[in-house]
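J.: Take a look and give me a structure for this.
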Amino acid sequence: MNSNFSLAEFWSHGDDVSHFVALILIAMSVLTWTVILIKWIGHGKQKKFSKRVEIFWHSSSFTLGLKALGYRTDNVFFMLAHDGIQAVQHLERSTPQDGTLGTLSTEIQLHDQLDMSDWVTRALRNSIENSLAKLQTGLTFLASIGSTAPFIGLLGTVWGIYHALARIGTSGQTSIDQVAGPIGEALLMTALGLAVAIPAVLAYNALVRTNKIIASALNRFGYDLHAYLVTGSRVDRKHFRQGEL
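T.: From the prediction side, this is the model:
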């Protein structure tokens with residue numbers, strides 16, 4: 001009795017189409033959990049990096065602050081500070097103290113005509129957008145899996161029912177032994193589709209929420225960096241209402 005309702009027995013009742021659908025769902029499940037694991041580890045790192053921001057502000061110099069953040073290209077907070085100071089240094093090199101063109105710049109570029117505030121804002125905004133784009137990598141995949149897996153499982157279900165009806169028609173018998181395998185295969189496809197879709201949808205929602213938290217922390221750090229790089233002091237939040245860069 002148990003062997004008749006084992007997974008091996010269900011598999012033996014399937015044909016090439018049902019096997020193909022099952023393999024697709026299994027592959028989608030493996031890829032889903034791989035993406036979830038990678039993104040979970042990556043977001044965990046960013047949360048740890050965000051805790052270093054206050055250490056950055058308590059450093060005695062910008063260089064030591066960068067060291068406190070950690071010289072890592074996968075650290076979005078370090079990259080934001082790095083891109084900000086690089087923008088300031090570029091503007092200083094292209095704007096000599098005597099007001100002439102200078103020897104370090106052979107020709108004027110359009111972006112060199114921006115003032116300090118606009119130039120730093122542009123650099124920080126680009127850095128934030130690039131970091132957020134990297135954080136969002138893989139979320140579209142999870143959303144696609146979550147929306148399509150149930151329908152792929154439904155396809156396997158419909159095909160399994162058709163297979164059961166065709167088997168009944170061929171054998172001319174309607175006993176439970178004749179239809180249990182194909183019907184069980186059809187129901188298993190439905191369950192497999194849901195088993196793939198539910199973790200993908202839950203993970204997508206959780207990762208989107210985590211992305212918003214990291215984005216909020218990045219924006220706050222960006223405001224403070226902008227104020228520091230332009231005025232030489234950090235934002236006084238008692239007299240500042242947060243907006244967007």
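J.: remind me, longest helix of the protein?
T.: helix 176-231 (DSSP state H).
J.: So which bits of whichever strand or helix holds L64 are buried?
T.: Using DSSP states H and E, L64 maps to helix 62-69. Neighbour-count burial for helix 62-69 flags F62, G65, L66, A68, L69 (criterion: 16 or more other Cβ atoms under 10 Å). (Each C-beta comes from the backbone N, C-alpha and C, glycine too.)
J.: Same check on stretch 206-219?
T.: L207, T210, N211, I214, A215, A217, L218, N219.
J.: Mind checking the pLDDT average for it?
T.: Average pLDDT, stretch 206-219: 93.
J.: Identify all contacting residues around it.
T.: 36, 39-40, 43, 46-47, 50, 53, 76-77, 80, 128, 131-132, 135-136, 139, 142, 242, 244-245 (Cβ atoms under 8 Å, 6 or more residues apart in numbering).
J.: one more time with 6 Å, if that's ok
T.: K39, H43, Q46, S50, I128, L132, L135, L139 (Cβ atoms under 6 Å, 6 or more residues apart in numbering).
J.: and what of stretch 124-131?
T.: In contact with stretch 124-131 (Cβ under 6 Å, 6+ apart) are residues V76, M79, L80, D83, G84, L218, G222, H226, L245.
J.: Out of these, which is nearest to I152?
T.: V76 (35.0 Å; Cβ to Cβ).
J.: burial count for that closest one?
T.: 25 (other Cβ atoms under 10 Å).
J.: Can you show me the helices along the chain?
T.: 7-13, 16-50, 53-57, 62-69, 76-94, 116-135, 139-171, 176-231.
J.: How about stretch 71-78, which residues are buried there?
T.: N75, V76, F77, F78.
J.: Can you tell me which of these comes closest to M189?
T.: V76 (41.1 Å).
J.: sorry, back to before: with only the CA atoms kept, save the helix holding L64 in PDB.
T.: The C-alpha coordinates for helix 62-69 follow below in PDB (Å, rounded to 0.1, in the frame of the first residue of the first chain):
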ATOM      1  CA  PHE A  62      38.000  61.500   6.900                       C
ATOM      2  CA  THR A  63      40.700  58.900   6.100                       C
ATOM      3  CA  LEU A  64      40.400  57.300   9.500                       C
ATOM      4  CA  GLY A  65      36.600  57.400   9.000                       C
ATOM      5  CA  LEU A  66      36.900  55.500   5.700                       C
ATOM      6  CA  LYS A  67      39.100  52.900   7.500                       C
ATOM      7  CA  ALA A  68      36.500  52.600  10.200                       C
ATOM      8  CA  LEU A  69      33.800  51.900   7.600                       C
END
